[in-house]
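J.: please find the sequence and the predicted model below.
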Amino acid sequence: MNPEERKRQMLRRLAEDGAPGERDPWPALQQRIAQTTRRGAGWAGELALLAALLALVFLLTPPGQAAAQSVLRFFQRAGGDTLPLPDGLPIEAIPPTLTPAPTRYMGLDAAATPAATPTNMPAEATNQADESVWAQSIEDVQPQVGFPIRALASAPPGYALENVVYLPGEQLVQQIYKYRPYQSGEMFIFSQQPTAPDEVIGQSAEVAQVEIDGVAVEVVDGSWFTPAGADRQQWEAGAPVHSFRWQQDGFFFALEFWVNETFSPAYLEPDDMQAMVEVAMGKRDAFPGYPLRLDLQNLSIAQAEEQAGFRVLAPALLPEDFVFTHAAYDPSMRLVVLYYAPPGGTRYSKGTSLIAIQTDRDPRTVWDGYPPEAMETVNVGAYDGLLVTGSMVNERYEADGAMFLEWHTPERTFTLRFFSPDSNPLRLSKAEMLRIAESVQ
Amino acid sequence: MEEHRAIALLRQGDLRGLEFLVHRYYLQATRAAFLVLGDRDQAEDIVQAAFLRAAQRIGQLRGERFGPWFLRSVVNDAVKTAKKQKRFVALDGESDDDAGALARWLVDPGAGLEELVLRGEEQRAVRAALQRLAPGQRAALVMRYYLEMSEAEMTGVLGLPLSTVKGRLFRARERLRAWLGGLRKEEKRDEP
């Protein structure tokens, strides 16, 4: 037997031993389908399977259409599954694509998603486009908005806030989160406005009405889509777009997940999307399994210390001009994070910054994909440490301006992370990084 | 019933189509997920959820066979779950012997396997060592050696370029070789 076949045989034996397959799986799956149906307020994706036929039959009848429209709170059904195109938009020479066009997003930033067909942009968004305010952070937009903008305390791994948009005419604030590692087009938009939205969906769109932590939520899968050269946009129920809408604390909120495909590394499970809705509602502190948006916390060292329950150590030596900006605490991993940056610099980790992380646990970071020459064993005082330069971007190593130093003492695990983007020539030497680490007290 | 007929039924909302596909793919999918996760209950949970989702999205299956379409979803789900569970690897309490055993076997299957079989520990050793790999690397090994996909097929499953797939497989093997290197040093030290 050749080595390849031996490997296959061993994995087969391991799999057969771990999952023998001695029982018929179908009854368990049937039970799961039944449980999902009985839950009533269960997850939309699973419910849709069984609800689809009934809903379709019901909606085909005039009473069904009337009833369906009357019970919807946050969506309005169109009279059919096609709509006229908004006036003044080109429809020629657009290549065929099944990528749906985000409505308001595309209308305001058409260049950002060139694969989409921007013909299904609602007219009101066009009219508002010139007045819209685009910014990089909530803080930049907040002064122009007459109500407090709700921030997301956490986001799924890889997703980061790209833009905050304010449309004064609709008093609509939209926070656009994009999946960063692969630039694969996935994003979600968190919307907030004090007035009821005017969100039109196809007549046949399936709307799941669920309750999440006591809040009624409507969920729709699908999007308007305009085939190349067509003079009408049509409702595409299978488009990978999932919208959640609810009303809470005097505001109408929406979370819309775009281009969410199972094969993508950015794919979000239905449970993930529901978890994000709970985060957006303030019912959940953080996306499951991932830390809080630490950059949104604004703790003093004393406050972080109080939450962590252990004495927080801080570097006595900092890069020139750096100052302490804020601290954060993640209870799930008992991490205290201290942020340092030049005055006026960004408080986010993508800007020039020094971050000191400590925990009273003993985790070991997995430095997957880093080449051996990027990792160096060093001594931090009496303790062994690992100094790592560069970053993993898109699963590829890049020798950028990042430097990590991790070391362990009997009571604590420390990680220092220095980062300076390409636009800033500031770099730390390894010796300087070590001196900062040794100054931690 | 043939597979294309099952898919047609499912497109019409007929669960008999789903039942056929469950019987055809459930075990293979569960075993692949188990190899990535190391937990049968979790593996079954992921596969059941994947079937429900596949049924809901069967309309998106165009011009592609159900098996690869479904299995890539399961493997991706398993990797995502594994990543959520282990952002850090706690080395305390793990047995280097286990990792070394797999390393020995994967690098040179003929050399250590019989010994492991004699000890009756090969399953435990392989399973423990497999779990030490990063989820993406684990999935790469599972796809290559359990699902018997070509590297080209894996690019489709993972949505990654061939060079990245090769890189993952390479890194998985390199890590195992590194462990083996440490083991061999220990063995030499023990030699009289």
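T.: Nice, I can see it. Residues are numbered from 1 along each chain as shown, chains lettered A, B, ... in the order given.
J.: what's around residue A:305, how many residues?
T.: 17 (other Cβ atoms under 10 Å in any protein chain shown). Quick note: C-beta positions are derived from backbone N, CA and C, even for glycine.
J.: that one and residue A:314 touch, don't they?
T.: No. Counting by Cβ atoms under 8 Å, residue A:305 does not reach residue A:314; the two are 10.1 Å apart.
J.: so residue B:169 touches residue B:142, yeah?
T.: No. Residue B:169 is beyond contact range of residue B:142, at 11.2 Å (criterion: Cβ under 8 Å).
J.: so the two - more neighbours on which side?
T.: residue B:142 (23 against 18).
J.: show me what contacts that one?
T.: A:11, B:32, B:35-36, B:75 (Cβ atoms under 8 Å, 6 or more residues apart in numbering or on different chains).
J.: closest to residue A:288 among these?
T.: Top of the list for closeness to residue A:288, among those and by Cβ to Cβ, is residue B:36 at 18.8 Å.
J.: which non-adjacent residue is nearest that closest one?
T.: Once flanking residues are discounted, residue B:36 sits nearest to residue B:78: 3.9 Å by Cβ to Cβ, 6 or more residues apart in numbering or on different chains.
J.: are we agreed that that neighbour is in a helix?
T.: Yes. Judged by DSSP: H, G, I helix; E, B strand; the rest coil, residue B:78 forms part of a helix.
J.: helices of chain A, residue ranges please.
T.: Secondary structure of chain A (DSSP state H): helices located at A:3-18, A:26-39, A:44-59, A:62-71, A:103-108, A:123-129, A:138-141, A:270-281, A:301-308, A:430-438.
J.: residue A:311: neighbouring residues, count only.
T.: When neighbours are counted by other Cβ under 10 Å, residue A:311 registers 11.
J.: isn't it up against residue A:302?
T.: No. Under the criterion of Cβ under 8 Å, residue A:311 makes no contact with residue A:302, lying 10.7 Å away.
J.: surely residue B:71 is in contact with residue B:27?
T.: No. The criterion here is Cβ under 8 Å, and residue B:71 misses it with residue B:27 at 11.8 Å.
J.: more crowded one of those two?
T.: More crowded of residue B:71 and residue B:27, by other Cβ under 10 Å: residue B:71, with 22 against 18.
J.: so what's that one up against?
T.: Residues in contact with residue B:71 (Cβ under 8 Å, 6+ apart) are B:25, B:28-29, B:32, B:147, B:157.
J.: redo that, cut-off 7 Å
T.: Shown in contact with residue B:71 (Cβ atoms under 7 Å, 6 or more residues apart in numbering or on different chains): B:29, B:32, B:147.
J.: what subset of those is buried?
T.: Neighbour-count burial within the contacts of residue B:71 applies to B:29, B:32, B:147; the criterion is 16 or more other Cβ atoms under 10 Å in any protein chain shown.
J.: out of these, the closest to chain A would be?
T.: Closest approach to chain A among the buried ones among the contacts of residue B:71 (Cβ to the nearest Cβ): residue B:32, at 7.4 Å.
J.: ok, so what distance separates that closest one from residue A:245?
T.: In this structure, residue B:32 and residue A:245 are 37 Å apart, going by Cβ to Cβ, to the nearest Å.
J.: pull the number of nearby residues for residue A:22.
T.: Number of residues near residue A:22 (other Cβ under 10 Å) recorded here: 6.
J.: what's the answer for residue A:151, then?
T.: Using other Cβ under 10 Å, the number of residues around residue A:151 comes to 16.
J.: hang on, isn't it packed against residue A:138?
T.: Yes. Using Cβ atoms under 7 Å, residue A:151 is in contact with residue A:138, at 5.5 Å.
J.: residue A:326 is in contact with residue A:339, correct?
T.: Yes. Judged on Cβ under 7 Å, residue A:339 makes contact with residue A:326 at a distance of 5.3 Å.
J.: which one's more surrounded, these two?
T.: residue A:339 (23 against 20).
J.: which residues of chain B fall in helices?
T.: B:3-11, B:15-37, B:40-56, B:66-85, B:96-107, B:109-119, B:122-132, B:135-141, B:151-158, B:162-190.
J.: residues near the closest residue to residue B:67 other than its chain neighbours, how many?
T.: Nearest residue to residue B:67, sequence neighbours excluded (Cβ to Cβ, 6+ apart): residue B:25, at 6.2 Å. The tally of other residues near residue B:25 (other Cβ under 10 Å) stands at 22.
J.: repeat that for residue A:173.
T.: Using other Cβ under 10 Å, residue A:173 has 24 other residues around it.
J.: give me every residue that touches it.
T.: By Cβ under 7 Å, 6+ apart, residue A:173 lies in contact with A:141, A:145, A:149, A:164, A:166, A:191-193.
J.: what do you get if the cut-off is 10 Å, keeping everything else the same?
T.: Residues in contact with residue A:173 (Cβ atoms under 10 Å, 6 or more residues apart in numbering or on different chains) are A:133, A:138, A:141-142, A:144-145, A:147, A:149-150, A:164-167, A:190-194, A:251.
J.: filter those to the buried ones?
T.: Neighbour counting with 16+ other Cβ under 10 Å marks A:138, A:141-142, A:145, A:149-150, A:164-167, A:190-193, A:251 as buried within the contacts of residue A:173.
J.: the residues you listed in strands, which ones?
T.: The members of the buried ones among the contacts of residue A:173 that map onto strands under DSSP state E are A:164-167, A:190-193, A:251.
J.: who's in contact with residue B:21?
T.: Per Cβ under 10 Å, 6+ apart, neighbours of residue B:21: B:1, B:3, B:6-7, B:9-10, B:51, B:54-55, B:58, B:66-67, B:70.
J.: format these as CSV; extra columns: distance to residue A:27.
T.: Converted to CSV, the contacts of residue B:21 look like this (distance: Cβ to Cβ, whole Å):
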residue, distance to residue A:27
B:1, 19
B:3, 22
B:6, 18
B:7, 22
B:9, 19
B:10, 18
B:51, 13
B:54, 18
B:55, 16
B:58, 21
B:66, 21
B:67, 23
B:70, 20
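J.: nearest to chain A among those?
T.: Distance to chain A, by Cβ to the nearest Cβ, is smallest for residue B:55 among those, at 5.0 Å.
J.: the closest one and residue A:223: what is the separation?
T.: 21 Å.
J.: show me which of those two is the more surrounded one.
T.: A direct count of neighbours by other Cβ under 10 Å for residue B:55 and residue A:223 places residue A:223 higher, at 28 against 23.
J.: returning to what we had before: any chance of a ChimeraX selection covering the buried ones in the contacts of residue B:21?
T.: Per 16+ other Cβ under 10 Å, the buried members of the contacts of residue B:21 correspond to this ChimeraX selection:
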select /B:6,7,9,10,51,54,55,58,66,70
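J.: show me where chain B dips below the pLDDT cut-off.
T.: Chain B contains residues with pLDDT under 70 at B:1, B:63, B:84-132, B:156-161, B:167-168, B:170-192.
J.: pLDDT-wise, which helix or strand of chain A ranks last?
T.: helix A:103-108 (a mean of 31; mean pLDDT, DSSP states H and E).
J.: which one is residue 16 nearest to, not counting chain neighbours?
T.: No chain specified, so I'll use chain A. Counting by Cβ to Cβ, 6+ apart, residue A:16 lies nearest to residue B:31, which is 7.0 Å off, once chain neighbours are set aside.
J.: correction: the question concerned chain B.
T.: Of all residues not flanking residue B:16 in the chain, residue B:9 sits nearest, at 5.5 Å (Cβ to Cβ, 6+ apart).
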